[in-house]
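[1] okay, sequence plus prediction incoming.
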Amino acid sequence: MEMKSHWETVYNTKAADAVSWYAPHLNASLSYIQRTELPHSASVIDVGGGEATLVDDLLNAGYENVSVFDISGKALQVAQERLAHRASKVDWVVGDVLTHAFTMQSVDIWHDRAVFHFLTEESQRRAYVAQVLHALRPGGFAIVGTFGPEGPLQCSGLQVSRYAPDELHGKFGGRFQLVASSFDQHTTPWGSKQQFVYCFCRLEH
């Protein structure tokens, strides 16, 4: 509840484009999702998606089975209002990713650019990976973006963990084949630079 309260406060007090992680388009994320070459009917979940614009671009690209998952109901409300009538095409889920009862093998593409780097305890990271393994179909893809080695030490007043690509992949274990990784330079709304790292993995069959 403490974490939920933190994020509800953030999203109730700051405009969507006034937070450090805002981007008009998450081009690296969309590119990796398209790189899976799965049909547009594939199940895509954006974990920690909140107010992020990825859902807009997924709908624009023709994806038909999109879920946005976040601990903050306010963040999802902002995204719904932005999408207006198109919001009905998306499944919106409020929950804690570490404890949510995901349907087993229900997801083809798991995307996260917002959550994993906030998991600073090993027990949290293990719980997260267990959730991915439960929710993802064999042969499905996990696309996870975190702060890179030169990224910030804190975000939104919270400590974060930073990763090199091999370190990030290592947290997920041998069942995840590393297909690709990359660094991405994010520019905050006030012009500062933040280093992100992406790992693009496929779950073994």
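    That came through fine. Residues are numbered from 1 along each chain as shown.
[2] please count neighbours and contacts with C-alpha atoms only from this point.
    Will do.
[3] okay, and the helix or strand of this protein with the least pLDDT?
    helix 2-13 (a mean of 88; mean pLDDT, DSSP states H and E).
[4] next secondary structure after it?
    helix 27-35 (DSSP states H and E).
[5] what's in contact with that following helix?
    Residues outside helix 27-35 that contact it (Cα atoms under 8 Å, 6 or more residues apart in numbering): 54, 57-58, 109, 111, 113, 143, 184, 200.
[6] could you give me the average pLDDT of the next helix or strand after it?
    With elements assigned by DSSP H and E, the helix or strand that comes after helix 27-35 is strand 43-47. In this model, strand 43-47 has a mean pLDDT of 98.
[7] then stretch 128-147?
    98.
[8] which residues are in contact with that stretch?
    29, 32-33, 36, 97-98, 102-117, 161-163, 171-172, 194-205.
[9] what does stretch 185-195 give?
    Contacts of stretch 185-195 (Cα under 8 Å, 6+ apart): 17-23, 147-152, 183-184, 196.
[10] repeat that for stretch 87-104.
    47, 64-73, 76, 79-81, 124, 127-128, 131, 134-137.
[11] how long is that stretch end to end?
    25 Å (Cα to Cα, to the nearest Å).
[12] quick one: distance of that stretch to the chain centre.
    Taking Cα atoms, centre = their mean, to the nearest Å, the mean C-alpha location of stretch 87-104 is offset from the chain mean by 12 Å.
[13] ranges for the helices of the chain?
    Assigned helices in the chain, in chain order: 2-13, 27-35, 54-60, 73-83, 122-135, 165-172 (criterion: DSSP state H).
[14] using CSV, write out every CA atom in stretch 173-193.
    C-alpha atoms of stretch 173-193 as CSV (Å, rounded to 0.1, in the frame of the first residue of the first chain):
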residue,chain,number,x,y,z
GLY,A,173,17.8,-16.7,-16.0
GLY,A,174,18.5,-19.4,-18.6
ARG,A,175,14.9,-19.9,-19.7
PHE,A,176,15.0,-16.5,-21.4
GLN,A,177,17.1,-16.4,-24.6
LEU,A,178,18.6,-13.0,-25.1
VAL,A,179,17.7,-12.1,-28.7
ALA,A,180,19.0,-8.5,-28.6
SER,A,181,20.0,-5.7,-26.3
SER,A,182,20.6,-2.0,-26.7
PHE,A,183,21.2,1.3,-25.0
ASP,A,184,18.6,4.1,-25.4
GLN,A,185,19.2,7.8,-24.5
HIS,A,186,16.0,9.3,-23.0
THR,A,187,15.6,13.0,-22.9
THR,A,188,13.5,14.3,-20.0
PRO,A,189,10.9,17.0,-20.6
TRP,A,190,13.4,19.5,-19.1
GLY,A,191,16.2,18.4,-21.5
SER,A,192,18.5,16.2,-19.3
LYS,A,193,19.7,12.9,-20.6
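[15] all good on my end, thank you.
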